[in-house]
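Colleague: Below is the sequence, then the predicted model.
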Number of protein chains: 2
Amino acid sequence: MALGKDYASQECSLARALEIVGERWTLLVIRDALYGVRRYNDFLVHLGIPRAVLATRLQALTTAGVLEKRRYQESPPRHEYVVTEHGRGLWPAVRALGAWGREIPGSLPMREFTHAVCGTPLGVVGECAKCGGPVELEDVEMLPGEGLDRHPADPVSRALLEPRRLLQPVVTEPV
Amino acid sequence: MALGKDYASQECSLARALEIVGERWTLLVIRDALYGVRRYNDFLVHLGIPRAVLATRLQALTTAGVLEKRRYQESPPRHEYVVTEHGRGLWPAVRALGAWGREIPGSLPMREFTHAVCGTPLGVVGECAKCGGPVELEDVEMLPGEGLDRHPADPVSRALLEPRRLLQPVVTEPV
(Lines give C-alpha, C1' and ligand atoms only; values in the text may rest on other atoms or scores of the structure.)
Protein backbone atom coordinates (compact mmCIF):
# COMPACT_ATOMS: atom_id res chain seq x y z
CA MET A 1 0.00 0.00 0.00
CA ALA A 2 2.20 2.80 -1.25
CA LEU A 3 1.06 6.19 -0.01
CA GLY A 4 2.38 9.42 -1.43
CA LYS A 5 4.45 11.76 0.67
CA ASP A 6 2.06 14.65 0.44
CA TYR A 7 -1.57 15.12 1.35
CA ALA A 8 -2.50 17.16 -1.70
CA SER A 9 -6.21 16.46 -1.36
CA GLN A 10 -6.29 17.67 2.23
CA GLU A 11 -6.91 21.38 2.64
CA CYS A 12 -5.63 21.56 6.16
CA SER A 13 -2.74 23.04 8.06
CA LEU A 14 -2.33 19.74 9.93
CA ALA A 15 -1.69 18.06 6.57
CA ARG A 16 0.83 20.78 5.68
CA ALA A 17 2.61 20.17 8.97
CA LEU A 18 2.61 16.40 8.45
CA GLU A 19 4.19 16.85 5.03
CA ILE A 20 7.22 18.18 6.93
CA VAL A 21 7.18 16.26 10.21
CA GLY A 22 5.04 13.21 9.40
CA GLU A 23 7.71 10.90 7.99
CA ARG A 24 8.82 8.06 10.21
CA TRP A 25 11.43 9.12 12.80
CA THR A 26 11.20 12.81 11.88
CA LEU A 27 9.53 13.90 15.12
CA LEU A 28 12.14 11.92 17.07
CA VAL A 29 14.90 13.80 15.22
CA ILE A 30 13.14 17.04 16.19
CA ARG A 31 12.76 15.82 19.79
CA ASP A 32 16.51 15.17 19.94
CA ALA A 33 17.27 18.59 18.45
CA LEU A 34 15.04 20.22 21.09
CA TYR A 35 16.93 18.23 23.74
CA GLY A 36 20.14 19.82 22.46
CA VAL A 37 21.51 17.16 20.11
CA ARG A 38 23.28 18.92 17.24
CA ARG A 39 25.77 16.60 15.60
CA TYR A 40 25.15 13.94 13.00
CA ASN A 41 26.96 11.23 14.96
CA ASP A 42 25.06 12.07 18.12
CA PHE A 43 21.69 11.79 16.35
CA LEU A 44 22.96 8.54 14.83
CA VAL A 45 23.95 6.80 18.06
CA HIS A 46 20.92 8.07 19.95
CA LEU A 47 18.32 7.17 17.34
CA GLY A 48 19.95 4.02 15.99
CA ILE A 49 18.52 4.50 12.49
CA PRO A 50 20.28 3.86 9.18
CA ARG A 51 22.66 6.62 8.10
CA ALA A 52 20.78 7.24 4.86
CA VAL A 53 17.49 7.75 6.72
CA LEU A 54 19.04 10.18 9.16
CA ALA A 55 20.77 12.12 6.38
CA THR A 56 17.49 12.38 4.45
CA ARG A 57 15.59 13.57 7.52
CA LEU A 58 18.21 16.19 8.46
CA GLN A 59 18.32 17.45 4.89
CA ALA A 60 14.53 17.72 4.66
CA LEU A 61 14.27 19.51 8.01
CA THR A 62 16.99 21.94 6.96
CA THR A 63 15.21 22.64 3.68
CA ALA A 64 11.96 23.20 5.57
CA GLY A 65 13.64 25.70 7.89
CA VAL A 66 13.15 23.59 11.04
CA LEU A 67 16.88 23.08 11.49
CA GLU A 68 19.79 25.27 10.45
CA LYS A 69 23.01 23.61 9.28
CA ARG A 70 25.98 25.47 10.73
CA ARG A 71 29.68 24.92 10.23
CA TYR A 72 31.41 24.73 13.59
CA GLN A 73 34.86 23.65 12.41
CA GLU A 74 36.78 24.61 9.28
CA SER A 75 39.44 21.93 8.93
CA PRO A 76 38.23 19.31 8.48
CA PRO A 77 34.82 20.89 7.82
CA ARG A 78 32.22 19.86 10.42
CA HIS A 79 28.58 20.89 10.68
CA GLU A 80 25.93 20.83 13.31
CA TYR A 81 22.15 21.17 13.13
CA VAL A 82 20.51 23.77 15.32
CA VAL A 83 16.79 24.26 15.89
CA THR A 84 15.51 27.46 14.25
CA GLU A 85 12.83 29.76 15.58
CA HIS A 86 10.37 27.99 13.26
CA GLY A 87 11.51 24.63 14.65
CA ARG A 88 11.02 25.79 18.24
CA GLY A 89 7.36 26.18 17.37
CA LEU A 90 7.12 22.39 17.29
CA TRP A 91 7.77 22.04 21.02
CA PRO A 92 4.06 22.29 22.02
CA ALA A 93 3.23 19.48 19.57
CA VAL A 94 6.15 17.31 20.73
CA ARG A 95 5.17 17.93 24.33
CA ALA A 96 1.47 17.25 23.70
CA LEU A 97 2.18 13.96 21.91
CA GLY A 98 4.65 12.92 24.60
CA ALA A 99 2.18 13.73 27.37
CA TRP A 100 -0.45 11.69 25.57
CA GLY A 101 2.03 8.81 25.19
CA ARG A 102 2.44 8.74 28.95
CA GLU A 103 -1.25 7.98 29.32
CA ILE A 104 -0.86 4.75 27.36
CA PRO A 105 -1.25 1.87 29.82
CA GLY A 106 2.04 0.28 30.81
CA SER A 107 4.27 3.23 30.04
CA LEU A 108 6.48 4.71 32.74
CA PRO A 109 7.57 8.35 32.74
CA MET A 110 10.95 8.57 31.02
CA ARG A 111 11.52 12.27 31.50
CA GLU A 112 9.99 14.95 33.62
CA PHE A 113 9.76 18.55 32.46
CA THR A 114 9.50 21.39 34.94
CA HIS A 115 9.53 25.17 34.81
CA ALA A 116 13.07 25.89 36.01
CA VAL A 117 12.04 29.20 37.58
CA CYS A 118 9.52 27.68 40.03
CA GLY A 119 9.97 23.89 39.79
CA THR A 120 6.37 23.28 38.68
CA PRO A 121 5.85 20.25 36.40
CA LEU A 122 4.82 21.42 32.93
CA GLY A 123 1.26 20.87 31.75
CA VAL A 124 0.40 18.72 28.76
CA VAL A 125 1.32 21.37 26.24
CA GLY A 126 4.31 22.86 27.99
CA GLU A 127 2.58 25.49 30.08
CA CYS A 128 3.24 26.35 33.74
CA ALA A 129 0.08 26.20 35.85
CA LYS A 130 1.68 28.23 38.63
CA CYS A 131 3.14 31.10 36.58
CA GLY A 132 0.47 30.90 33.85
CA GLY A 133 1.02 30.63 30.14
CA PRO A 134 3.69 28.93 28.06
CA VAL A 135 7.27 28.49 29.27
CA GLU A 136 10.27 29.64 27.23
CA LEU A 137 12.21 26.62 25.98
CA GLU A 138 15.37 27.79 27.73
CA ASP A 139 13.41 27.75 31.01
CA VAL A 140 12.30 24.14 30.65
CA GLU A 141 14.23 21.81 32.97
CA MET A 142 14.47 18.21 31.78
CA LEU A 143 14.91 15.52 34.45
CA PRO A 144 15.17 11.75 34.20
CA GLY A 145 11.91 9.93 35.02
CA GLU A 146 11.50 6.64 36.82
CA GLY A 147 11.20 4.60 33.63
CA LEU A 148 14.55 5.72 32.21
CA ASP A 149 17.47 3.28 31.86
CA ARG A 150 20.15 4.61 34.23
CA HIS A 151 22.99 2.81 32.45
CA PRO A 152 22.50 3.46 28.74
CA ALA A 153 25.05 2.30 26.19
CA ASP A 154 25.29 5.44 24.08
CA PRO A 155 26.97 8.71 25.11
CA VAL A 156 23.99 10.91 24.18
CA SER A 157 21.64 9.00 26.47
CA ARG A 158 24.28 9.29 29.20
CA ALA A 159 24.52 13.06 28.69
CA LEU A 160 20.70 13.28 28.89
CA LEU A 161 20.65 11.50 32.28
CA GLU A 162 21.69 14.68 34.04
CA PRO A 163 19.16 17.42 34.73
CA ARG A 164 19.50 20.00 31.97
CA ARG A 165 17.65 22.68 30.03
CA LEU A 166 15.97 22.19 26.68
CA LEU A 167 18.19 23.31 23.77
CA GLN A 168 21.33 23.21 25.93
CA PRO A 169 23.89 21.69 23.53
CA VAL A 170 24.64 18.04 24.18
CA VAL A 171 28.39 17.54 24.54
CA THR A 172 29.76 14.05 24.01
CA GLU A 173 33.31 12.78 23.84
CA PRO A 174 34.71 12.68 20.30
CA VAL A 175 34.49 9.16 18.83
CA MET B 1 14.75 1.98 3.34
CA ALA B 2 12.26 -0.14 5.25
CA LEU B 3 11.72 1.15 8.75
CA GLY B 4 9.97 -0.89 11.39
CA LYS B 5 6.65 0.17 12.81
CA ASP B 6 7.87 0.51 16.36
CA TYR B 7 10.56 2.55 18.02
CA ALA B 8 11.75 -0.18 20.37
CA SER B 9 15.13 1.47 20.94
CA GLN B 10 13.53 4.75 21.96
CA GLU B 11 12.68 5.02 25.64
CA CYS B 12 10.29 7.86 25.25
CA SER B 13 6.59 8.55 25.57
CA LEU B 14 6.72 10.44 22.26
CA ALA B 15 7.87 7.22 20.59
CA ARG B 16 5.05 5.30 22.32
CA ALA B 17 2.56 7.86 20.99
CA LEU B 18 4.00 7.67 17.47
CA GLU B 19 3.64 3.89 17.48
CA ILE B 20 -0.11 4.55 17.62
CA VAL B 21 -0.55 7.81 15.70
CA GLY B 22 2.64 8.01 13.60
CA GLU B 23 1.55 5.98 10.60
CA ARG B 24 0.77 7.92 7.46
CA TRP B 25 -2.78 9.39 7.44
CA THR B 26 -3.49 8.28 11.01
CA LEU B 27 -3.51 11.80 12.47
CA LEU B 28 -5.80 12.92 9.64
CA VAL B 29 -8.22 10.11 10.52
CA ILE B 30 -8.11 11.34 14.13
CA ARG B 31 -8.61 14.92 12.97
CA ASP B 32 -11.72 13.87 11.06
CA ALA B 33 -13.03 11.93 14.06
CA LEU B 34 -12.54 15.02 16.26
CA TYR B 35 -14.43 17.05 13.64
CA GLY B 36 -17.34 14.62 14.08
CA VAL B 37 -16.84 12.19 11.20
CA ARG B 38 -17.98 8.75 12.36
CA ARG B 39 -18.82 6.58 9.38
CA TYR B 40 -16.49 4.57 7.21
CA ASN B 41 -17.83 6.03 3.98
CA ASP B 42 -17.53 9.55 5.28
CA PHE B 43 -13.88 9.04 6.25
CA LEU B 44 -13.37 7.47 2.83
CA VAL B 45 -14.75 10.31 0.72
CA HIS B 46 -13.19 13.01 2.89
CA LEU B 47 -9.70 11.50 3.05
CA GLY B 48 -9.60 9.96 -0.41
CA ILE B 49 -7.31 7.12 0.67
CA PRO B 50 -7.50 3.46 -0.41
CA ARG B 51 -10.15 1.42 1.41
CA ALA B 52 -7.58 -1.04 2.77
CA VAL B 53 -5.52 1.78 4.29
CA LEU B 54 -8.55 3.34 5.96
CA ALA B 55 -9.75 -0.02 7.29
CA THR B 56 -6.30 -0.74 8.74
CA ARG B 57 -6.12 2.68 10.38
CA LEU B 58 -9.61 2.46 11.90
CA GLN B 59 -8.91 -1.03 13.20
CA ALA B 60 -5.59 -0.01 14.75
CA LEU B 61 -7.11 3.08 16.39
CA THR B 62 -9.96 0.98 17.76
CA THR B 63 -7.50 -1.57 19.16
CA ALA B 64 -5.49 1.25 20.73
CA GLY B 65 -8.60 2.66 22.40
CA VAL B 66 -8.54 5.95 20.48
CA LEU B 67 -11.80 5.16 18.69
CA GLU B 68 -14.73 3.01 19.77
CA LYS B 69 -16.59 0.98 17.16
CA ARG B 70 -20.33 1.20 17.83
CA ARG B 71 -23.21 -0.48 16.07
CA TYR B 72 -25.79 2.13 15.13
CA GLN B 73 -28.07 -0.04 12.98
CA GLU B 74 -28.99 -3.70 13.34
CA SER B 75 -30.32 -4.69 9.94
CA PRO B 76 -28.23 -4.50 7.92
CA PRO B 77 -25.52 -4.12 10.59
CA ARG B 78 -23.78 -0.72 10.42
CA HIS B 79 -21.03 0.65 12.63
CA GLU B 80 -19.59 4.02 13.39
CA TYR B 81 -16.35 5.10 15.01
CA VAL B 82 -16.53 7.48 17.93
CA VAL B 83 -13.62 9.23 19.65
CA THR B 84 -13.02 7.85 23.16
CA GLU B 85 -11.90 9.80 26.19
CA HIS B 86 -8.35 8.60 25.46
CA GLY B 87 -8.70 9.80 21.87
CA ARG B 88 -9.90 13.23 22.97
CA GLY B 89 -6.52 13.61 24.64
CA LEU B 90 -5.01 13.95 21.17
CA TRP B 91 -6.75 17.26 20.47
CA PRO B 92 -3.94 19.41 21.95
CA ALA B 93 -1.41 17.63 19.71
CA VAL B 94 -3.64 17.92 16.62
CA ARG B 95 -4.23 21.59 17.39
CA ALA B 96 -0.53 22.28 18.06
CA LEU B 97 0.56 20.65 14.80
CA GLY B 98 -2.17 22.43 12.87
CA ALA B 99 -1.24 25.79 14.38
CA TRP B 100 2.38 25.15 13.43
CA GLY B 101 1.31 24.20 9.89
CA ARG B 102 -0.33 27.61 9.55
CA GLU B 103 3.03 29.26 10.08
CA ILE B 104 4.44 27.54 6.99
CA PRO B 105 4.91 30.23 4.32
CA GLY B 106 2.23 30.19 1.65
CA SER B 107 -0.46 28.47 3.69
CA LEU B 108 -3.82 30.14 4.21
CA PRO B 109 -6.00 29.45 7.24
CA MET B 110 -8.45 26.69 6.36
CA ARG B 111 -10.36 26.64 9.60
CA GLU B 112 -10.66 28.92 12.58
CA PHE B 113 -11.26 27.61 16.07
CA THR B 114 -12.83 29.77 18.73
CA HIS B 115 -14.10 29.33 22.27
CA ALA B 116 -17.85 29.20 21.68
CA VAL B 117 -18.61 30.75 25.08
CA CYS B 118 -16.72 34.01 24.41
CA GLY B 119 -15.75 33.95 20.73
CA THR B 120 -12.02 34.18 21.44
CA PRO B 121 -9.76 32.47 18.87
CA LEU B 122 -8.06 29.45 20.45
CA GLY B 123 -4.34 29.60 21.21
CA VAL B 124 -1.84 27.25 19.60
CA VAL B 125 -2.67 24.35 21.89
CA GLY B 126 -6.41 24.88 22.18
CA GLU B 127 -6.48 27.21 25.15
CA CYS B 128 -8.61 30.34 25.58
CA ALA B 129 -6.51 33.38 26.46
CA LYS B 130 -9.56 35.27 27.71
CA CYS B 131 -11.10 32.62 29.97
CA GLY B 132 -7.74 30.99 30.82
CA GLY B 133 -6.85 27.34 30.50
CA PRO B 134 -7.92 24.63 28.08
CA VAL B 135 -11.32 24.61 26.37
CA GLU B 136 -13.63 21.58 26.49
CA LEU B 137 -13.90 20.02 23.05
CA GLU B 138 -17.67 20.50 22.99
CA ASP B 139 -17.07 24.24 23.48
CA VAL B 140 -14.75 24.59 20.50
CA GLU B 141 -16.43 26.31 17.57
CA MET B 142 -15.04 25.42 14.16
CA LEU B 143 -15.43 28.00 11.37
CA PRO B 144 -14.29 27.97 7.75
CA GLY B 145 -11.11 30.00 7.14
CA GLU B 146 -10.27 32.13 4.13
CA GLY B 147 -8.22 29.39 2.44
CA LEU B 148 -11.04 26.85 2.38
CA ASP B 149 -12.64 25.74 -0.88
CA ARG B 150 -16.25 26.95 -0.69
CA HIS B 151 -17.52 24.48 -3.27
CA PRO B 152 -16.04 21.10 -2.34
CA ALA B 153 -17.02 17.95 -4.20
CA ASP B 154 -17.56 15.62 -1.25
CA PRO B 155 -20.48 15.77 1.20
CA VAL B 156 -18.29 15.70 4.32
CA SER B 157 -16.38 18.80 3.25
CA ARG B 158 -19.73 20.45 2.51
CA ALA B 159 -21.02 19.58 5.97
CA LEU B 160 -17.83 21.04 7.49
CA LEU B 161 -18.35 24.37 5.70
CA GLU B 162 -20.94 25.42 8.25
CA PRO B 163 -19.90 26.69 11.67
CA ARG B 164 -20.11 23.76 14.09
CA ARG B 165 -18.73 22.33 17.31
CA LEU B 166 -15.95 19.80 17.56
CA LEU B 167 -17.26 16.22 17.96
CA GLN B 168 -20.72 17.20 16.69
CA PRO B 169 -21.63 14.21 14.48
CA VAL B 170 -21.28 14.89 10.78
CA VAL B 171 -24.51 14.02 8.99
CA THR B 172 -24.36 13.36 5.27
CA GLU B 173 -26.97 12.13 2.87
CA PRO B 174 -26.93 8.35 2.41
CA VAL B 175 -25.02 7.37 -0.76
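Modeller: Nice, I can see it. Numbers count the residues shown, from 1 in each chain, chains lettered A, B, ... in the order given.
Colleague: What is the burial count for residue A:56?
Modeller: Neighbours of residue A:56 under the rule other C-beta atoms under 10 Å in any protein chain shown: 15. Using the backbone N, CA and C atoms, a C-beta is placed for each residue, glycine as well.
Colleague: A helix includes residue A:76, no?
Modeller: No: secondary structure of residue A:76 (DSSP: H, G, I helix; E, B strand; the rest coil): coil, not part of a helix.
Colleague: quick one: it from chain B, how far?
Modeller: Note on residue A:76: its distance to chain B, by C-beta to the nearest C-beta, to the nearest Å, is 27 Å.
Colleague: Also residue A:93?
Modeller: 4 Å.
Colleague: Sticking with the residue nearest to that residue when sequence neighbours are not counted, tell me its helix or strand.
Modeller: Nearest residue to residue A:93 in three dimensions, chain neighbours excluded: residue B:96, at 3.8 Å (C-beta to C-beta, 6 or more residues apart in numbering or on different chains). Residue B:96 is part of helix B:91-102, with elements assigned from DSSP states H and E.
Colleague: chain center to the next helix or strand after that helix: distance?
Modeller: As assigned by DSSP H and E, the chain's next helix or strand after helix B:91-102 is strand B:111-115. Distance, stretch centre to chain centre, for strand B:111-115: 14 Å (C-alpha atoms, centre = their mean, to the nearest Å).
Colleague: Show me what strand B:111-115 packs onto, helices and strands only.
Modeller: Identification of packing neighbours for strand B:111-115 by 3 or more C-beta pairs under 8 Å, 6 or more residues apart in numbering or on different chains; DSSP states H and E yields strand B:140-144.
Colleague: Show me what the strand it packs on is packed against.
Modeller: Short answer (3+ C-beta pairs under 8 Å, 6+ apart): strand B:140-144 packs on strand B:111-115, strand B:164-165.
Colleague: Outside of the last one itself, list whatever touches it.
Modeller: Taking C-beta atoms under 8 Å, 6 or more residues apart in numbering or on different chains as the criterion, the residues outside strand B:164-165 that touch it are B:36, B:116, B:138, B:139, B:140, B:141, B:142.
Colleague: how about 6 Å then?
Modeller: Here strand B:164-165 makes contact (C-beta atoms under 6 Å, 6 or more residues apart in numbering or on different chains) with B:138, B:142.
Colleague: Strand partners (parallel or antiparallel) of it?
Modeller: In the sheet, strand B:164-165 lines up against strand B:140-144 (antiparallel) (DSSP bridges).
Colleague: and the angle from the strand it pairs with to helix B:91-102?
Modeller: Strand B:140-144 runs at 30 degrees relative to helix B:91-102, counting by axes from the mean of the first three to the mean of the last three C-alpha atoms, to 10 degrees.
Colleague: and strand B:140-144, average pLDDT?
Modeller: If you average the pLDDT over strand B:140-144, you get 95.
Colleague: So which bits of that strand are buried?
Modeller: B:140, B:141, B:142, B:144 (16 or more other C-beta atoms under 10 Å in any protein chain shown).
Colleague: between these, which is closest to chain A?
Modeller: Using C-beta to the nearest C-beta, residue B:144 is the member of those that lies nearest chain A, at 10.2 Å.
Colleague: SS state for the closest residue to residue A:48 other than its chain neighbours?
Modeller: Among residues not flanking residue A:48 along the chain, residue B:9 sits closest, at 4.6 Å (C-beta to C-beta, 6+ apart). When classified by three-state DSSP, residue B:9 comes out as coil.
Colleague: Can you give me the pLDDT of residue B:9?
Modeller: We have a pLDDT of 70 for residue B:9.
Colleague: and chain A, which residues reach chain B?
Modeller: Counting by C-beta under 6 Å from any C-beta of the partner chain, chain A comes close to chain B at A:1, A:3, A:9, A:11-14, A:16-17, A:24, A:31, A:48, A:53, A:89-90, A:92-93, A:96-98, A:100-102, A:104, A:107, A:110, A:124-125.
Colleague: Quick check: ChimeraX command selecting the buried ones in these.
Modeller: Selecting the buried subset of these in ChimeraX, with 16+ other C-beta under 10 Å as the burial test, is done by:
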select /A:11,12,13,14,16,17,24,31,53,89,90,92,93,96,97,98,100,101,102,107,110,124,125
